[in-house]
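# Show me the folded form of this:
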Amino acid sequence: MKAKLLKILMMCILFSGYANAETITLEACRSWSHEVFPIFKSQSIYSSILNKEMSLVKYDKYPSVILRGQASYQSDVVSMSEPSPFFSFPDLSKDQYQLFVELNQSIYDGGVRRLQTEINTLNDSIRHLDFEMELHRLDQKVEQIYCQILFFKQQYFLHQQQVRSMDIVLRDISAQVKQGKAIRLQENEIKVQRLVSVQQQDQAFEEYRTSCNVLSVLCGKVFDSKHDEFSFPLITLNSTNNTPNDILMMSLQQSQYQRQLEIIGKSLMPRINAFGKGGYGRPGLNFLDNSFSPYYYVGIGITWKPFDWKNTQRKRSLQLDQIELIEVKKSQKELLREARIKEMKGKLFMIEDQIEKDHEIIELRKEITEDLQKQWKLRTIPFSIYVDGMNNTLEAEISKELHRIQKLKTILSYNRFLKQS
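I've put the predicted structure just below:
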């Protein structure tokens with residue numbers, strides 16, 4: 001009765017553990033990683049950077065205001081050594097006091113501010129593209145670890161099945177040893193083979209658990225390596241061929257150089273600005289007046305550099321070379337991309353062919369192992385040959401799982417390559 005209650009209690013504990021198990025999907029892991037990684041906090045920072053860059057350009061057209069004040073004492077002032085009978089000059093004070101405001105307002109800058117605004121917008125687009133590429137690398141890492149988990153988990157189950165088969169064989173041979181129908185050497189040989197299988201099972205489980213721990217860091221979740229189930233994703237081959245991010249990045253860089261080229265062209269255009277100055281002090285604009293008085297002056301200025309020893313022409317040529325160089329890199333990237341697509345398609349076709357042959361190999365291996373098992377029970381072959389047959393069947397099943405994971409990884413890589421490479 002106690003044994004029966006204990007058995008029921010153990011079953012309850014076992015089923016409670018499975019009740020708490022969770023089915024994990026690849027899409028959920030991607031979503032969790034997006035919430036955890038710090039790079040995703042940069043989106044709000046990018047918006048702040050763009051707003052500040054735009055504000056700098058916007059407020060640059062507003063007038064500049066400078067408030068200055070000074071008090072000074074000098075050793076000598078202008079004076080007449082001999083008095084004149086016709087006119088006289090007042091004695092000037094050596095103390096000077098001034099407080100004034102300077103204003104400067106740009107009227108025409110040749111369109112430089114407009115171009116700078118466009119460059120800031122391009123910079124923001126480049127930052128967001130860089131973010132997309134970081135996201136692409138993170139998703140690749142998550143997919144890689146997820147595929148490792150699927151493979152090591154299945155490998156562990158296959159080794160576990162082999163250990164169970166060994167247990168059945170070991171119980172049979174142990175009973176025969178007790179009855180005197182088999183020798184101890186045969187039993188020990190089976191124990192050694194079982195320990196080897198247990199060792200391989202433990203190694204597969206440790207690889208699986210390590211991959212779960214790595215995925216936990218990437219996703220910010222704690223995965224139960226014993227109970228959680230990782231579903232095999234059903235991914236189909238994507239046929240949409242988008243413009244890759246790195247080529248988009250090059251196009252934006254070309255646009256940047258084009259805007260800078262326009263700014264260089266406008267450097268030879270005249271700049272017009274209005275200015276003014278008003279103040280209060282002693283002396284004012286009239287140096288012969290010793291009294292404190294207000295003063296001001298206003299005007300319009302022009303700045304023009306019509307000749308710069310062809311430096312502008314050299315800068316334009318440099319920018320044109322940069323644009324042409326990027327165009328060459330884009331052409332090279334497109335050629336390499338086309339070659340990579342053909343390579344992945346060929347690899348996918350090869351893996352699918354291998355999977356078809358894996359099924360045939362496994363069926364034949366199972367038949368061979370069953371025949372070897374019958375012959376070993378009749379003691380017509382040694383146990384090592386039977387074990388070799390079991391190992392060959394296991395290797396064939398592991399090879400099939402490996403090819404399944406390789407197919408999944410290739411499809412994921414292909415779809416991501418078409419979308420964001």
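# tell me the phi and psi of residue 242?
Torsion angles at residue 242 (phi, psi; degrees, to the nearest 10) stand at phi -80, psi 160.
# ok now do the residue nearest to it when sequence neighbours are not counted, which residues does it touch?
Leaving aside its chain neighbours, residue 242 sits nearest to residue 419 (5.4 Å; criterion: C-beta to C-beta, 6 or more residues apart in numbering). Heads up, the C-betas are built off the backbone N, CA and C, glycines and all. Contact analysis of residue 419 by C-beta atoms under 8 Å, 6 or more residues apart in numbering lists 238, 240, 242.
# could you dump those to a markdown table with neighbour count and pLDDT?
Output for the contacts of residue 419, formatted as a markdown table (neighbours: other C-beta atoms under 10 Å; pLDDT from 0 to 100):
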| residue | neighbour count | pLDDT |
| --- | --- | --- |
| 238 | 15 | 77 |
| 240 | 7 | 72 |
| 242 | 11 | 74 |
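# tell me how far the strand ranked longest in the chain is from the chain's mean position?
Taking DSSP state E as the criterion, the chain has its longest strand at strand 95-108. Counting by C-alpha atoms, centre = their mean, to the nearest Å, strand 95-108 is centred 51 Å from the centre of its parent chain.
# What residues sit buried inside it?
Residues of strand 95-108 classed as buried: 96, 98, 100, 106 (neighbour count, 16 or more other C-beta atoms under 10 Å).
# would you list the residues you listed in a markdown table and tack on pLDDT and distance to residue 258?
Shown next, in a markdown table, are these (pLDDT from 0 to 100; distance: C-beta to C-beta, whole Å):
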| residue | pLDDT | distance to residue 258 |
| --- | --- | --- |
| 96 | 84 | 53 |
| 98 | 85 | 48 |
| 100 | 83 | 44 |
| 106 | 86 | 24 |
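# nearest to residue 49, of these?
residue 106 (24.6 Å; C-beta to C-beta).
# Just give the closest residue to the closest one, not the sequence neighbours.
Using C-beta to C-beta, 6+ apart, the closest residue to residue 106 is residue 273 (5.0 Å).
# Check residue 156 too.
residue 204 (4.0 Å).
# and the gap between that neighbour and residue 415?
29 Å (C-beta to C-beta, to the nearest Å).
# Which one of these two is surrounded by more residues?
Taking neighbours as other C-beta atoms under 10 Å, residue 204 and residue 415 compare with residue 204 leading, 21 against 17.
# Look at residue 336 and say how many residues are nearby.
Other residues near residue 336 number 11, with proximity taken as other C-beta under 10 Å.
# cool, residue 226 as well?
Residue 226, neighbours per other C-beta under 10 Å, totals 11.
# before we move on, what about the one 4 residues further on?
Burial measure for residue 230: 22 neighbouring residues, criterion other C-beta under 10 Å.
# Quick check: chain neighbours aside, which residue is closest to it?
That would be residue 24: by C-beta to C-beta, 6+ apart, it lies 4.8 Å from residue 230.
# where does the one you found land on pLDDT?
Note on residue 24: pLDDT of 89.
# I'd guessed it sits against residue 222; true?
No: if you go by C-beta atoms under 8 Å, residue 24 and residue 222 don't touch, sitting 11.5 Å apart.
# hmm, back to that, give me every residue that touches the residue nearest to residue 156.
Contacts of residue 204 (C-beta under 8 Å, 6+ apart): 152, 155, 156, 159.
# what's the helix or strand for it?
According to DSSP states H and E, residue 204 maps onto helix 184-219.
# May I see the buried residues of whichever helix or strand residue 390 is part of?
For residue 390, the element it lies in under DSSP H and E is helix 383-420. Neighbour-count burial for helix 383-420 flags 383, 386-387, 389-394, 396-415, 417-420 (criterion: 16+ other C-beta under 10 Å).
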